[in-house]
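A.B. asks: predicted model, plus sequence, below.
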Amino acid sequence: MSDKIPLCSLTLDDLKKKMSDIGEPVFRAKQIFEWVYQKGAVSFDAMTNLSKEMRGRLADVFQFPSIRLVQTQQAEETMKFLWELADGKKIESVLIESFDRRTVCLSSQVGCPARCAFCASGKEGLIRSLSTAEIVEQALHIDRFLREKGERVCHLVYMGMGEPLENYDAVVRSIRILHDENSLHISQRRITVSTVGVVEAIHRLAKEDLKINLVLSLHAPNQNIRKKIIPYARKYPLEEILMAMDDYAIATKRDITFEYTLIEGINDHSGCAQELAALLRMKQCTVNLIPYNPIENIDLNRPSQEKVARFREILEKAGINTTWRYTKGDDIAAACGQLALSTT
Ligand code: SAH
């Protein structure tokens, strides 16, 4: 791999500093940012208000772009983008278009260390973490694609391949860059990070000067059932994860959302709903129910619509907010949870 600096790994301040380090005028940094994030430049060559010589010098120092679109795949409201990275590895992002929302689901790693029983992304474990630029560019290139139709990306969810809190620095940095007003300027309340529950990283995130939404992939009402479907549960007990989520909620004044993927015969019976209601009783939260989306070679089933309805009714009766769309594969988490290592 080249030792050039990935341009999209840099905040505007970093870029200013780098420009100064290489003896280029610092005010050009903002122009480069504008070209990349607002005017849709795809190379230094496209930045026509910079001299040809400067463009050549910049291209020798910085790498841009870092990812390359290989394939798109459209299904109802979702469009998958398959990208190739500089080392030949592949990742996916999903664009979900509904009403006036354009949500991009970002991958944070190639593969995933969490290896949840019901998820395609973790089947082969973690291959490697993505760099900041490889995360930022997923949103950037999809934004450019949308702009051709007069639309923009307005929501970001870190629910693609990987466990975002196991790639903490790159993920947080990508959030800072994509939130910057000189970049895509995506509001923090429209940015959501989903985690399997990495306790120390949740506490750390609570201390950042960020107010993004944090979602916990809960999927079980107790540690015992959780351990059966989420190997990471052995490392982080449910009680500690919930305390960390409370810490986050208090620090950021954000409500918490729990994802609950319903899997037949495992976590979908009424007893589970009652236990879940008791577990979450005192919390300001929403439970997003996601009927399991079948994945090839995984021997699990989706519960019937009636079963999901009954589960939901128990939670609602206990005063717990729930959301549920009987999935055509268009629920955001479910659509993102389908991301596998290779689509060829
Ligand atoms: N590692 C993070 C980010 C992945 S988010 C996390 O665990 O939260 C992906 C979400 O997709 C998870 O919350 C899970 O609920 C969901 N998911 C994964 N596979 C799924 C499947 N086959 N059916 C339904 N939801 C699934």
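C.D. replies: Here it is on my side, so go on.
A.B. asks: contacts and neighbour counts: CA atoms only from here.
C.D. replies: OK.
A.B. asks: measure the residue lying farthest from the centre of the chain to the ligand for me?
C.D. replies: For the chain, the C-alpha lying farthest from the average C-alpha position belongs to residue 53; by Cα atoms, centre = their mean, that distance is 38.0 Å. Taking Cα to the nearest ligand atom, to the nearest Å as the measure, residue 53 falls 43 Å from the ligand.
A.B. asks: name the residues that touch the helix or strand containing that residue?
C.D. replies: Here residue 53 is covered by helix 52-61, with elements defined by DSSP states H and E. Around helix 52-61, the neighbours that count as contacts under Cα atoms under 8 Å, 6 or more residues apart in numbering are 4, 5, 44, 45, 47.
A.B. asks: quick one: contacts for the third one?
C.D. replies: If a contact means Cα under 8 Å, 6+ apart, then residue 44 has 55, 56, 58, 59, 64 as its contacts.
A.B. asks: relative to the ligand, which of the residues you listed is nearest.
C.D. replies: Taking Cα to the nearest ligand atom as the measure, the ligand sits nearest to residue 64 out of those, at 26.7 Å.
A.B. asks: I'd assumed residue 43 was in contact with the closest one.
C.D. replies: Yes: A contact is recorded between residue 64 and residue 43 when judged using Cα atoms under 8 Å, the distance being 6.3 Å.
A.B. asks: with neighbour numbers in mind, choose between these two.
C.D. replies: Between residue 64 and residue 43, residue 64 has the larger neighbour count (other Cα atoms under 10 Å), namely 20 against 14.
A.B. asks: skipping adjacent residues, who's closest to the more buried one in space?
C.D. replies: For residue 64, ignoring the flanking residues on the chain, the nearest one in space by Cα to Cα, 6 or more residues apart in numbering is residue 7 at 5.8 Å.
A.B. asks: could you pull up phi and psi at the one you found?
C.D. replies: Residue 7 has phi and psi values of phi -60, psi -40 when expressed as degrees, to the nearest 10.
A.B. asks: so it versus residue 296, what's the distance?
C.D. replies: 38 Å (Cα to Cα, to the nearest Å).
A.B. asks: so those two - more neighbours on which side?
C.D. replies: Here residue 7 and residue 296 are compared on neighbour count by other Cα under 10 Å; more neighbours surround residue 7, at 23 against 8.
A.B. asks: distance of the more buried one from the ligand?
C.D. replies: For residue 7, the distance to the ligand - Cα to the nearest ligand atom - is 26 Å.
A.B. asks: need the contact list for residue 161.
C.D. replies: Applying Cα under 8 Å, 6+ apart to residue 161 gives the contacts 91-92, 106-112, 121-122, 336-337, 339-340.
A.B. asks: so it sits in a strand?
C.D. replies: No: Residue 161 sits outside any strand when classified using DSSP: H, G, I helix; E, B strand; the rest coil, being coil.
A.B. asks: name the nearest residue to it, sequence neighbours excluded.
C.D. replies: In space, residue 161 comes closest to residue 107 once its chain neighbours are excluded; the distance is 4.5 Å by Cα to Cα, 6+ apart.
A.B. asks: would you agree the one you found is in contact with residue 162?
C.D. replies: Yes: taking Cα under 8 Å as the contact criterion, residue 107 and residue 162 are neighbours in contact, 6.1 Å apart.
A.B. asks: looking at those two, which one has more neighbours?
C.D. replies: More neighbours surround residue 162 than the other of residue 107 and residue 162, with 33 against 30 (other Cα under 10 Å).
A.B. asks: from residue 20, how far out is that one?
C.D. replies: With distances taken as Cα to Cα, residue 162 is found 35 Å from residue 20.
A.B. asks: also residue 176?
C.D. replies: 22 Å.
A.B. asks: outside of the host helix or strand of residue 146, which residues touch it?
C.D. replies: Applying DSSP H and E as the criterion places residue 146 in helix 132-147. When contacts are defined by Cα under 8 Å, 6+ apart, helix 132-147 is touched by residues 6-10, 37, 40, 65-67, 85, 93, 95, 104, 106-108, 151-153, 156, 170-171, 173-174, 177-178, 184.
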